[in-house]
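Chemist: For reference, the sequence and a predicted model appear below.
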Amino acid sequence: MPVYSHSKFATYETCPQKYKLRYLHRIRPSDETEGIGIESFLGDLVHATLKKLNSLEELPSFYNEQWHRNQKKNILIAKRIS
């Protein structure tokens with residue numbers, strides 16, 4: 001069963017060729033050449049946290065650990081909320 005996500009649809013709408021390379025051929029640029037968006041960073045973090053969903057008590061510490069372990073300096077914030 002195929003998996004659909006907002007980021008896949010947005011990538012296809014923006015650039016079908018980028019969608020083809022990223023999701024069909026599984027070719028991704030390195031984080032050094034293309035910064036990762038905050039939406040992607042948080043989405044990956046939430047997905048990893050939900051996979052860990054064994055007990056509610058473990059989730060906050062797991063989330064914080066993953067945040068600090070995976071945080072990169074090149075996370076891009078595209079939209080600022082005033």
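Modeler: Perfect, thanks for sending it.
Chemist: pretty sure residue 12 is touching residue 24, no?
Modeler: No. Under the criterion of CB atoms under 8 Å, residue 12 makes no contact with residue 24, lying 10.5 Å away. Heads up, the C-betas are built off the backbone N, CA and C, glycines and all.
Chemist: Just list what the longest helix anywhere in the chain packs against, helices and strands only.
Modeler: Ranked by number of residues, the top helix in the chain under DSSP state H is helix 38-51. Using 3 or more CB pairs under 8 Å, 6 or more residues apart in numbering; DSSP states H and E, the elements in contact with helix 38-51 are helix 6-14, helix 59-70, strand 75-76.
Chemist: Who has more neighbours out of residue 12 and residue 24?
Modeler: residue 12 (15 against 8; other CB atoms under 10 Å).
Chemist: tell me the contacts of the more buried one?
Modeler: By CB atoms under 8 Å, 6 or more residues apart in numbering, the contact list for residue 12 reads residue 19.
Chemist: Fine by me, we can end here.
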